[in-house]
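Enquirer: Could you work out the structure for the sequence below:
(chains A and B)
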Amino acid sequence: MRWTWPEPSELLRNPPPWLDRSTRRRNAVPAPGFRPADLVGEVTTALTARPARTMLTALGTILGVAALVATLGLAKTAGNQIVRQFDELEATRVVLSNAERQGRNETQLSAIPFDAEDRLTRLNGVEAAGTKTPVDVGGGLARSVPLIDPQGQNEFQIPVIAASPGLFDAVRATVRTGRFFDTGHDERSDAVAVLGPGAANRLGVERIDNLPAIFVGEEAFAVVGILDDVARETDLLNSIIIPNGLARDRFQLAGIDEVHVDVAVGAADLIGAQAPIALSPNEPGFVRARVPPSPRAVRSTVESEVNALFLVLGGLSLLVGAIGIANVTLVSVLERTGEIGLRRALGATRGHIAGQFLTESAALGLFAGVLGASLGILSVVGVSAARQWTPVLEPWLPFAAPVLGAIIGLVAGVYPAWKASSIEPITALRVGAG
Amino acid sequence: MTAPVVELVGLSRSFPGTPPVHALRDADLLVQQGDYLAIVGPSGSGKSTLLHLLGLLDRPTSGVYALDGVDTASLDDRERAGMRAHRIGFVFQSFHLLASRTTAENVMLSEVYRKGPRKQRRARAVEALERVGLGHRIDAMPTTLSGGERQRVAVARALVGRPSLLLADEPTGNLDTATSEQILELFRELHDDGLTLAVITHDLEVADVAERRVQIRDGVLSELERSWR
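Expert: Numbering: from 1, shown residues only, chains lettered A, B, ... in the order given. All right, here's what the predicted structure looks like:
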């Protein structure tokens, strides 16, 4: 349909159909848009345009995130290190002994039976168990062959310890030469002995292929083995160790003092509870169990002590980092006023402008988070390498740190973005730009 | 006959103050498709106010402004941004090129806020640059360009997407006479191609090139006869 254009004055009195505000204009107005891909492109371009400034802006956040990651990582690593030491020696060690009893006197028998080793090895979680009891040899001195040497001393006060064969495994003993005595020796009350290296040295026994014999007082024992080392109960290293059977036979051993148990990792508490019942079903209270402190408790103590201080420091540097991002972004908003005006003229809404600046600072934070996490992890690995620890990290940490950085960037960008979006295009365009 | 590109009826813009400043009073104007309009007037006469109103960067205090047959008073901010993106091309006195981007990238920027296809955006930018005679400076940085070349990049940016109206605010204000001449020649060519141009200037040389001249004096708009001068 052809129609002539009405005169302006007529237009106001009698608006044509296209001036109807409700129906047709919707179709006529094109929508502005800002594709995510374009947003990413604009943000990338803005951040890479001045790499040095971008780095400096991110520096505070980088250091903050790095400090946090390093703190958490080092606390975890150190905590694990302590636990690992406990694991090897203490966490798998349970010691049973006679409890102090009221009215106990000398004649009272030990609550621990001689077959303690048998009873305990039947428990699930026990790797090895063995009894250990000092033997009263009545002041008898130890010597090897009766050798008359006027210059050297050849008789020594060496402690004699009665053990069940399982003790060697329970204290993780290794043998230098020969062997440990076994159940057979014990049952037959064979006159055999295993020497600790210290004792062997003093007695001058270095090899056992020549079937050396030693004397304690007037009793003679054949040396069947010499220990190399023990992981626990280092007093064994300077002792003469004889089977329980022999001690009962020759030295009237009346009872067991201690049972040493090597337990599976994590079984210490369980064995600590079960062993007294297994040893003394009638009066479990007569047997005292010494179990290692719970590794979890140890670790959390260490971690919380290390963490508290450094987390505060890390948090502070993050705050400084966020202020840095906010500050520089605000400056850059002012610098880019002309650009903001241009973008508005090209069809950007306030939302587009705000979104762009928010995304810029969030991306900056994300970048800082990634870099900071990398630095933090590197320092954990570095410190661990220097101190020969195993670096341990929470698996979520490398992922959470960049997210934290992005959140910091986002929060820091809120005010500048709002500022940018509230710049009027008219004012912005008045600012000269190249 | 299609709707006029610009239709102003009793358009006014005043700024609050004591006393209030009436930058534009009761302006009536009709710009048809293909018109080449010069808006002249001394500085402070209300030229910029008119440009901001025409460019949908400002809202009138009263009156009707219809752009391409759409009453702009009924548009919200988002729709006005959409109109700016699709219907209006801006050319500024100070060019407003982004220094860290090549000429092609600067031209491509004008498509960012349209929901148009990203495909061949560069091809369209190159085409626009060729149109303004800068096909050989596609990957140049703005800092290496002369003033005239920069302004031509800005014109190319405004041309991409074929706006209904090209609004130029003192386009030769920062240029010497020779380069001004080139820009004006370019405008004449674009006008011959059928583009609707509105050029705001205080320079009568520039206004002379235009087909129609509109004068603003103390906020009052009046069309000058062709024979005037």
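Enquirer: residues in contact with the closest residue to residue A:257 other than its chain neighbours?
Expert: Nearest non-adjacent residue to residue A:257, counting by C-beta to C-beta, 6 or more residues apart in numbering or on different chains: residue A:133, 4.3 Å away. Heads up, the C-betas are built off the backbone N, CA and C, glycines and all. Going by C-beta atoms under 8 Å, 6 or more residues apart in numbering or on different chains, residue A:133 touches A:161-163, A:244, A:247, A:253, A:255-258.
Enquirer: can you pull the pLDDT of residue A:133?
Expert: pLDDT recorded at residue A:133 is 92.
Enquirer: Tell me, how many residues neighbour the residue of the stretch 301-434 of chain A found nearest chain B?
Expert: Across the stretch 301-434 of chain A, the shortest distance to chain B (C-beta to the nearest C-beta) belongs to residue A:347, at 2.3 Å. The local packing of residue A:347 (other C-beta atoms under 10 Å in any protein chain shown) involves 29 other residues.
Enquirer: Next: residue A:412.
Expert: 29.
Enquirer: Which part of chain B gets nearest to chain A, residue-wise?
Expert: Nearest residue of chain B to chain A (C-beta to the nearest C-beta) works out as residue B:85 at 2.3 Å.
Enquirer: Is it correct that that residue is in contact with residue A:346?
Expert: Yes. Residue B:85 is within contact range of residue A:346, at 6.3 Å (criterion: C-beta atoms under 8 Å).
Enquirer: list the residues that contact both of these two?
Expert: residue B:113.
Enquirer: Can you show me the helices along the stretch 51-200 of chain A?
Expert: Using DSSP state H, counting those that start in this stretch, the helices of the stretch 51-200 of chain A run over residues A:51-85, A:116-121, A:167-170, A:183-188, A:197-203.
Enquirer: So which residues make contact with the third one?
Expert: Helix A:167-170 is touched from outside by A:117, A:127-132, A:173, A:175, A:180, A:194, A:232, A:241, A:260-262, with contacts defined as C-beta under 8 Å, 6+ apart.
Enquirer: count of neighbours near residue B:66?
Expert: 24.
Enquirer: swap in the one 4 residues further on?
Expert: A total of 25 residues lie near residue B:70 under the criterion other C-beta under 10 Å.
Enquirer: got the phi/psi numbers for it?
Expert: phi -110, psi 120 (degrees, to the nearest 10).
Enquirer: Touching, it and residue A:30? I think so.
Expert: No. In this structure, residue B:70 is not within contact of residue A:30 by C-beta under 8 Å, at 9.9 Å.
Enquirer: Report the set of residues contacting both of the two.
Expert: residue B:83.
Enquirer: Tell me the secondary structure of residue B:27, please.
Expert: Using DSSP: H, G, I helix; E, B strand; the rest coil, the structure places residue B:27 in strand.
Enquirer: pLDDT score assigned to it?
Expert: Reading off the model, residue B:27 has pLDDT 91.
Enquirer: Give the closest residue to it in space, chain neighbours not counted.
Expert: residue B:221 (4.0 Å).
Enquirer: and what of residue B:42?
Expert: Leaving out its chain neighbours, the residue that sits closest to residue B:42 by C-beta to C-beta, 6+ apart is residue B:202, at 6.2 Å.
Enquirer: so what's the spatially most central residue of chain B up against?
Expert: The centroid of chain B falls nearest to residue B:167 when counting by C-alpha atoms, centre = their mean (0.8 Å). Listed by C-beta under 8 Å, 6+ apart, the contact set of residue B:167 reads B:51, B:54-55, B:88-91, B:198, B:200.
Enquirer: Those in strands, which ones?
Expert: B:88-91, B:198, B:200 (DSSP state E).
Enquirer: can you list those residues in a markdown table and add neighbour count?
Expert: As requested, these are exported to a markdown table (neighbours: other C-beta atoms under 10 Å in any protein chain shown):
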| residue | neighbour count |
| --- | --- |
| B:88 | 24 |
| B:89 | 28 |
| B:90 | 26 |
| B:91 | 25 |
| B:198 | 26 |
| B:200 | 26 |
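Enquirer: Which residues are in contact with residue 118?
Expert: Just going to use chain A. Applying C-beta under 8 Å, 6+ apart, no residues contact residue A:118.
Enquirer: Actually, chain B is the one I wanted.
Expert: A:35, A:37-38.
Enquirer: what's the spacing between residue B:177 and residue B:35?
Expert: 26 Å (C-beta to C-beta, to the nearest Å).
Enquirer: Which one's more surrounded, those two?
Expert: residue B:35 (19 against 8).
Enquirer: Isn't the more buried one up against residue B:211?
Expert: Yes. The criterion here is C-beta under 8 Å, and residue B:35 meets it with residue B:211 at 6.4 Å.
Enquirer: Is the residue nearest to residue B:27 in a helix, a strand, or coil?
Expert: Applying three-state DSSP: residue B:221 is strand.
Enquirer: thinking again about what came up before, please identify which of the ones in strands among the contacts of residue B:167 is nearest to residue B:6.
Expert: Using C-beta to C-beta, the shortest approach to residue B:6 within the ones in strands among the contacts of residue B:167 belongs to residue B:198, at 7.3 Å.
Enquirer: Skipping its backbone neighbours, what lies nearest that closest one in space?
Expert: residue B:37 is the one closest to residue B:198 (C-beta to C-beta, 6+ apart), at 4.7 Å.
Enquirer: For the contacts of residue B:167, give me a markdown table that also has pLDDT and distance to residue A:421.
Expert: Below are the contacts of residue B:167 laid out as a markdown table (pLDDT from 0 to 100; distance: C-beta to C-beta, whole Å):
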| residue | pLDDT | distance to residue A:421 |
| --- | --- | --- |
| B:51 | 88 | 23 |
| B:54 | 93 | 23 |
| B:55 | 92 | 19 |
| B:88 | 93 | 20 |
| B:89 | 93 | 23 |
| B:90 | 93 | 19 |
| B:91 | 92 | 25 |
| B:198 | 93 | 28 |
| B:200 | 91 | 27 |
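Enquirer: hey, where'd the strands end up in chain B?
Expert: Under DSSP E, chain B gives strands at B:6-15, B:21-31, B:36-40, B:62-67, B:70-71, B:88-91, B:165-169, B:197-201, B:212-217, B:220-224.
Enquirer: Residue B:139: which of those strands is closest?
Expert: strand B:88-91 (22.0 Å).
Enquirer: So in that sheet, which strands flank that closest one, and in what orientation?
Expert: strand B:165-169 (parallel) (DSSP bridges).
Enquirer: and the partner strand, C-alpha only, in PDB?
Expert: Output in PDB follows, covering the C-alpha atoms of strand B:165-169 (Å, rounded to 0.1, in the frame of the first residue of the first chain):
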ATOM      1  CA  LEU B 165      21.900   6.300   9.300                       C
ATOM      2  CA  LEU B 166      25.500   7.400   9.400                       C
ATOM      3  CA  LEU B 167      26.000  10.000  12.100                       C
ATOM      4  CA  ALA B 168      29.200  12.000  11.900                       C
ATOM      5  CA  ASP B 169      30.200  14.400  14.600                       C
END
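Enquirer: how many degrees apart are that strand and strand B:62-67 in direction?
Expert: Put simply, strand B:165-169 runs at 120 degrees to strand B:62-67, going by axes from the mean of the first three to the mean of the last three C-alpha atoms, to 10 degrees.
Enquirer: mean confidence score for strand B:165-169?
Expert: Here the average pLDDT along strand B:165-169 is 93.
Enquirer: Check the offset of it from the chain's centre.
Expert: Its chain's C-alpha centre and that of strand B:165-169 lie 1 Å apart, by C-alpha atoms, centre = their mean, to the nearest Å.
Enquirer: quick one: buried residues of the helix or strand of chain B with the lowest mean pLDDT?
Expert: Here the helix or strand of chain B ranked lowest by mean pLDDT, DSSP states H and E is helix B:204-209, holding a mean of 86. Applying a neighbour-count criterion of 16 or more other C-beta atoms under 10 Å in any protein chain shown, one finds B:206-207, B:209 buried in helix B:204-209.
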